[in-house]
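Novice: predicted structure and sequence below. I'll ask about it afterward.
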Amino acid sequence: MKNGFVISILVILKFSFSISDANVLSFDKIRVTQESKEKKLHINGFEATTSYWRTQAQNKLKSQLKHKVNENVAKNVIIFLGDGMSLSTVTAARIYFGQKQGLSGEESLLSFEKFPYIGLSKTYCYDKQTADSACSATAYLTGVKANYATIGVNPKVQLNDCESSRNKLNQLSSIMNWAQNARKATGIVTNTRITHASPAGTYARTANRDWESDADMKAFPDARKCSDIAKQLIREEPGNLFNVIYGGGRKKILSEKIIDEEGQRGQRIDGLDLIDEWLTNKNSPKAYYIHNSEGMNQMNHSNVEHVLGLFESDHMKFHLDAGSDQPSLKEMTASAINVLKKHENGFVLFVEGGRIDHAHHQNFAKHALEETVEFSEAIQTGIEMTSEEDTLIVVTSDHAHTMTMSGYSKRGQDILGLNSEISDVDNLPYMTLSYANGPSGVKKRYKIKKDEMKFNDYRYPSLVPLNSETHGGDDVPIYARGPHSHLFTGVLEQNTIPHFIAYAACIGGGLTVCDTRL
Ligand SMILES: *[C@@H]1O[C@H](CO)[C@@H](O)[C@H](O)[C@H]1NC(C)=O
Ligand SMILES: [Zn+2]
């Protein structure tokens with residue numbers, strides 16, 4: 001900004017919306033005095049010039065023109081999955097991220113929003129218009145769409161049908177199997193229970209996502225011949241070959257007779273201690289079990305070949321509620337890459353920001369945005385620790401949510417607060433962020449007080465009362481960077497994602513860039 005100058009008073013446009021004719025926006029000029037010069041720098045400063053926007057756009061055009069398609073083979077792949085990270089979540093989180101730095105926020109970008117390629121993912125299940133995390137994990141990790149709440153099996157397997165899920169013809173291999181067959185190292189990181197639907201998509205085959213431990217299967221006598229998800233992780237491929245397993249959910253791994261490091265009782269009724277079994281199977285001085293940040297920090301990563309890190313009995317805590325004993329998603333990601341990057345054949349790593357979804361289900365918009373920012377930081381770590389030349393990074397989501405961002409707040413308005421407008425029907429204020437449904441289920445509109453919304457777990461308003469807010473059926477974004485990231489453009493069925501990754505990384509049974517070079 002060579003000629004940047006600050007004007008102390010400026011005219012901005014206020015949109016006023018006419019209900020009688022929704023297509024007509026009348027622009028009403030109002031004067032705004034300079035409140036906080038720093039916070040409003042973008043608005044009151046150089047952004048008010050014609051040259052700012054022209055220069056910004058011309059610079060972007062030049063950088064796009066310089067961009068070269070990367071047709072290398074992807075030695076490494078990192079899949080970052082923001083559970084429930086809808087487009088409105090990304091937009092609101094980017095504003096929140098900017099506002100935390102004292103900026104007005106709208107102009108900010110999260111780490112992955114700087115990626116060169118973006119596509120849209122159609123997330124519906126085989127049998128449902130709106131996906132859950134199980135059918136969608138099956139799609140983006142095995143390349144085949146499945147029924148709602150089933151994992152790693154094709155649509156022939158109905159929910160709870162253990163028998164048909166045992167049929168090998170109905171079972172699917174995941175991108176982790178493909179990576180291991182190509183002698184790549186593999187790892188999974190999540191802040192949910194390690195047996196929860198999204199991480200389970202990397203290793204499990206089950207007719208019900210809730211069968212996380214044998215105790216969860218008690219009520220399903222017909223499922224006796226099926227293995228619970230935790231047992232599949234420890235005993236079956238590809239789970240038993242993972243080099244890194246980080247997440248929560250010790251209780252699904254431990255017997256009810258065992259009290260864990262934090263005083264929490266296990267849940268298994270078969271008496272198994274699957275942590276001990278995992279260590280015994282590894283039978284190696286290079287295999288570690290850790291349960292907190294300290295254990296992670298003390299580990300000499302150059303000596304680690306296998307690591308099982310379980311940091312909570314249940315899901316890991318929300319980022320805002322976590323103490324220092326729990327590693328952050330970013331710290332787990334860094335540790336995982338340090339273990340995996342030693343492998344000369346490369347690695348495939350799956351990292352889930354799993355609690356964005358949990359926050360939305362509770363209408364906890366602040367937690368959802370905070371979890372999204374933490375997810376963005378984990379991705380930044382992935383960017384910094386790898387090279388764009390040989391590492392494909394794909395960031396996507398499994399499904400949307402019903403949170404929306406209502407107009408027409410002025411620039412820089414607190415994204416977590418009240419809209420700067422009030423209703424022209426009942427003259428009451430409204431939140432910028434609100435939900436179509438969920439536990440807040442507002443029956444009658446009222447004057448929301450600032451005091452209510454200061455809590456991290458303030459429930460943002462929703463229209464339809466439900467115990468748990470639902471997922472949204474709208475498409476979710478796919479952001480890609482690195483070898484063959486240009487494939488991830490257009491409107492794509494969700495199950496194409498692992499096919500494209502496999503092509504770039506020369507793994508799996510389909511077409512790969514290595515074949516086509518023969
Ligand atoms: C970690 O292990 C490597 C290889 O055994 C060794 O060279 C290095 O000094 C160790 N680092 C620390 C901090 O102990
Ligand atoms: Zn969900």
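Specialist: Cool, the structure landed. Ligands and ions are numbered 1, 2, ... in the order given.

Novice: what strand or helix carries residue 374?
Specialist: Here residue 374 sits within helix 365-385, counting by DSSP states H and E.

Novice: list the buried residues in that helix.
Specialist: Across helix 365-385, burial judged by 16 or more other CB atoms under 10 Å covers 365-383. Where you see a C-beta, it was placed from the backbone N, CA and C, and this is true even at glycine.

Novice: contacts only, for the closest residue to ligand 1 within the stretch 201-350 of the chain.
Specialist: Of all residues in the stretch 201-350 of the chain, the one sitting closest to ligand 1 is residue 300 (3.7 Å; CB to the nearest ligand atom). By CB atoms under 8 Å, 6 or more residues apart in numbering, residue 300 lies in contact with nothing.

Novice: which pLDDT value belongs to it?
Specialist: pLDDT for residue 300: 97.

Novice: could you do residue 37 as well?
Specialist: For residue 37, the predicted pLDDT is 44.

Novice: please apply the same query to residue 48.
Specialist: Residue 48 carries a pLDDT value of 85.

Novice: what count of nearby residues applies to it?
Specialist: 16 (other CB atoms under 10 Å).

Novice: residue 344 in helix, strand or coil?
Specialist: Here residue 344 is coil, with the state taken from DSSP: H, G, I helix; E, B strand; the rest coil.

Novice: tell me how many other residues surround it.
Specialist: Neighbours of residue 344 (other CB under 10 Å): 8.

Novice: which residues are in contact with it?
Specialist: Taking CB under 8 Å, 6+ apart as the definition, residue 344 has no contacts.

Novice: just residue 431 next, same as before
Specialist: By CB under 8 Å, 6+ apart, the contact list for residue 431 reads 406, 417, 418, 419, 448, 453, 460, 461.

Novice: now for those: which two are most distant?
Specialist: The two members of these with the most space between them (CB to CB) are 406 and 453, at 15.0 Å.

Novice: looking at those two, which has the bigger crowd around it?
Specialist: Legend: neighbour count by other CB under 10 Å for residue 406 and residue 453, higher for residue 453 (17 against 12).

Novice: nearest spatial neighbour of residue 337, skipping sequence neighbours?
Specialist: If the residues on either side of it in the chain are set aside, residue 337 comes closest to residue 385, at 4.7 Å by CB to CB, 6 or more residues apart in numbering.

Novice: now swap in residue 508 and tell me
Specialist: Residue 508 sits nearest to residue 502 (CB to CB, 6+ apart), 3.4 Å away.

Novice: hmm, residue 515 and that neighbour touching each other?
Specialist: No. Contact criterion CB atoms under 8 Å: residue 502 and residue 515 do not qualify, at 11.0 Å.

Novice: so the two - more neighbours on which side?
Specialist: residue 502 (24 against 10).

Novice: quick one: contacts for the more buried one?
Specialist: 143, 175, 178, 508, 510, 512.

Novice: quick one on the thing from earlier: for the residue nearest to residue 508, which three-state class applies?
Specialist: Put simply, residue 502 is helix when judged by three-state DSSP.

Novice: nearest to residue 215, of the contacts of residue 431?
Specialist: Nearest to residue 215 among those is residue 460, at 34.1 Å by CB to CB.

Novice: surely that closest one meets residue 440?
Specialist: Yes. Residue 460 is within contact range of residue 440, at 6.4 Å (criterion: CB under 8 Å).

Novice: any shared contact partners between those two?
Specialist: Joint contacts of residue 460 and residue 440 (CB under 8 Å, 6+ apart) are residue 363.

Novice: more neighbours: the two, which one.
Specialist: Taking neighbours as other CB under 10 Å, residue 460 and residue 440 compare with residue 460 leading, 24 against 20.

Novice: who's in contact with the residue nearest to residue 361 when sequence neighbours are not counted?
Specialist: In space, and not counting its chain neighbours, residue 361 is closest to residue 468: 4.6 Å by CB to CB, 6+ apart. By CB under 8 Å, 6+ apart, residue 468 lies in contact with 361, 362, 438, 439.

Novice: just the pLDDT for residue 14.
Specialist: If you check residue 14, the pLDDT there is 29.

Novice: likewise for residue 10?
Specialist: Predicted confidence (pLDDT) for residue 10: 29.
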